[in-house]
Each structure stands twice: as C-alpha cells, then as structure tokens.
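Participant: using only what follows, build the 3D model:
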Amino acid sequence: MKRIVLLFAGVFMLSMYTNAQTMAVKINPFGLLLGNLNAGFEYVLNEKASVEAGLSYFNVGATVGTDDDTRFTGVGAYAMYRYYFAKALDAPRGLYVAPRANFGSTKNSDTDLGVTTFSIGALFGHQWVWPKTGDAGFTLDLGIGVAYFNANADSGVEDFGLDGIGPAFRLAIGYAF
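Facilitator: Modelled structure (predicted):
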C-alpha cells in the first residue's frame, strides 16, 4: 500500500512539471495593510482553464456597541475556477472569467461574538506574467466582479448590513512556475 501511495505521489509531481507555468503562488498586498494575510495557489488544468484555492488569516479592529477597540481574529478560505479567453496566450496569462466562493469565520475572545461570512460570485480579470516567455515569472492579477454576501452572528446581533449583492475586487501578486 505504501508503494502505491508513493507511486501516485510521484506521478502527480511529475505531471505538475510537464508544462511551463503550471502553478502560481499569490498574496494580496493590500490585505496585509488591513490585517488580512491572504495566500492562494493556482493550478493550471489546460491551455484555457485553471483552479485556484486559498486561505486567509485576519486580525482586524471593529466597533461593536460602544466599544471602539474590539479585535476580531479568524480564518477563511476561497476557491475559484478560471476560464482564460486569450487565443494567443495560455493559462495562467490573459483575460479570464472566474466563478468563486468564499467562506470565513471570526471570533472575538472578549465578547465571544462570532461571525460567519459567505460569498459567491464571479470575477472578470486579467493576469500578467513577466517575463512574457519562459518557465517562470512574477504575476499581477487584477479583477472586478459582483458577488452575493452573507454574514451571520452567533449571538445577540441580528443584522450587520452585509447581506446582499455588491462589488467584488481582486488584487494579487505572486510567482508562476
């Protein structure tokens, strides 16, 4: 059984390196300024498609009632499927459309207030990889779209005003290899 697992792991690792730029690792630089560490991993499926998944950790301040110094910490995850339009470029380069879903859970240790968030939507964006040729390069990923957002508290708060349809934005920098 151990040999079979090692064989499958080896074949998987080999298949990941058969094409140029089959993966990209990215972070959101503005999220760091706001107390959110967001890192993602994109895996190219074929010339026109990829999948991306990521994790978030955040530690943000908020005003709850009369307390101006309430801190919330939490974790989140997202996933998206990307379809690239460009005829002359292969994924992960060029214009794309990406349906996506996000989930997050926060907790305040002082008040035991927890908030669960969920969003589902779509992005239209563009990803650049420099240099334009070669097996690896730096990435810039910009996107804009629309999403349905939902936030639920687990005690005492009925409405955050965060339910409904709104804009969705994407900024990420990283490295494709």
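Participant: make it CA atoms for all contacts and neighbour counts henceforth
Facilitator: OK.
Participant: what about the chain, any weak spots by pLDDT?
Facilitator: In the prediction, the chain carries residues with pLDDT under 70 at positions 1-21, 62-69, 155-161.
Participant: which residues in it form strands?
Facilitator: Assigned by DSSP state E, the chain shows strands spanning 23-27, 36-46, 49-64, 67-84, 94-107, 114-130, 137-153, 164-176.
Participant: in JSON lines: those, plus mean neighbour count.
Facilitator: What follows is the strands of the chain, written out as JSON lines (neighbours: other CA atoms under 10 Å):
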{"stretch": "strand 23-27", "mean neighbour count": "21"}
{"stretch": "strand 36-46", "mean neighbour count": "19"}
{"stretch": "strand 49-64", "mean neighbour count": "17"}
{"stretch": "strand 67-84", "mean neighbour count": "18"}
{"stretch": "strand 94-107", "mean neighbour count": "20"}
{"stretch": "strand 114-130", "mean neighbour count": "19"}
{"stretch": "strand 137-153", "mean neighbour count": "18"}
{"stretch": "strand 164-176", "mean neighbour count": "16"}
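Participant: what's in contact with stretch 76-92?
Facilitator: Under the criterion CA atoms under 8 Å, 6 or more residues apart in numbering, residues 21-22, 44, 46-57, 93-105, 127, 129 lie in contact with stretch 76-92.
Participant: quote the end-to-end distance of that stretch.
Facilitator: End-to-end span of stretch 76-92 (CA to CA, to the nearest Å): 24 Å.
Participant: from the chain's centroid, how far away is that stretch?
Facilitator: Relative to the chain's own centre, stretch 76-92 is displaced by 12 Å; criterion: CA atoms, centre = their mean, to the nearest Å.
Participant: likewise stretch 167-177?
Facilitator: 8 Å.
Participant: do stretch 164-175 as well
Facilitator: 8 Å.
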